[in-house]
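A.B. asks: this one's structure only:
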């Protein structure tokens with residue numbers, strides 16, 4: 001009887017593990033459970049699409065749904081795993097009940113913690129992770145009058161506020177980071193980055209945390 005390998009999480013790690021499992025044992029029943037609509041894309045690439053450095057969101061996907069099906073990987077989209085028992089070798093799947101497994105791989109990735117400041121639940125706040133929300137928000141960026149980016153990794157927020165998305169003299173943008181120094185992995189994030197963004201209507205402010213989000217934040 002073929003062994004069943006269950007993967008919880010459809011990010012790059014989960015899909016990579018599923019592909020490796022199929023490669024190691026082509027007869028295995030490989031199942032992937034994800035609560036999202038898509039699998040196998042790079043959230044870290046989203047700001048580069050917002051900033052027009054990557055031309056479209058499709059390029060962020062590792063493969064298509066058809067390609068995964070062709071590899072024999074059974075993906076359960078928009079399906080939440082609520083728990084698992086290592087003792088009984090089962091996972092609890094919403095709407096499917098208890099599913100047995102021979103091998104279990106947990107690759108659930110990350111989720112944003114609350115910023116912990118008043119106003120964190122206001123409309124118009126966008127967290128860079130889900131690609132469907134990113135596609136929706138990319139359209140919003142074309143018409144915003146002002147934007148503020150907050151990021152621990154300064155390049156993620158800054159790239160969302162690229163000058164191509166916030167036209168000079170028409171829009172205002174600020175990017176706040178609690179990092180004390182701008183990252184040097186990108187040559188544009190050097191000592192002149194602050195001045196460059198100020199000139200192009202996007203001002204990077206390092207070493208300044210956000211303590212309050214007021215009302216009036218909207219999509220337009």
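C.D. replies: Thanks, I have the structure now. Note that this is a predicted model, so its numbers are computed, not measured. Residues are numbered from 1 along each chain as shown.
A.B. asks: low pLDDT regions in the protein?
C.D. replies: Across the chain, the ranges flagged by pLDDT under 70 are 145-208, 215-220.
A.B. asks: tell me where the longest helix sits in it.
C.D. replies: helix 12-24 (DSSP state H).
A.B. asks: tell me which residues of that helix are tucked away?
C.D. replies: Going by neighbour count (16 or more other C-beta atoms under 10 Å), the buried part of helix 12-24 is 12-15, 17-19, 21-22. No exception for glycine: its C-beta is placed from N, CA and C like everyone else's.
A.B. asks: list the pairing partners of the helix or strand following that helix within its sheet, with orientation.
C.D. replies: Reading on from helix 12-24 to the C-terminus, the next helix or strand found by DSSP states H and E is strand 29-33. Strand pairing for strand 29-33, determined by DSSP bridges: strand 4-8 (parallel), strand 73-76 (parallel).
A.B. asks: would a markdown table of the ones you listed with distance to residue 104 and mean neighbour count be doable?
C.D. replies: What follows is the strands paired with strand 29-33, written out as a markdown table (distance: least, C-beta to C-beta, whole Å; neighbours: other C-beta atoms under 10 Å):
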| stretch | distance to residue 104 | mean neighbour count |
| --- | --- | --- |
| strand 4-8 | 5 | 23 |
| strand 73-76 | 15 | 19 |
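A.B. asks: of the ones you listed, which is nearest residue 102?
C.D. replies: Checking the strands paired with strand 29-33 against residue 102 by C-beta to C-beta gives strand 4-8 as the closest, at 5.2 Å.
A.B. asks: which residues in this structure form strands?
C.D. replies: For the chain, the strands defined by DSSP state E cover 4-8, 29-33, 73-76, 81-85, 90-93, 97-100, 103-106, 146-150, 172-177, 202-206.
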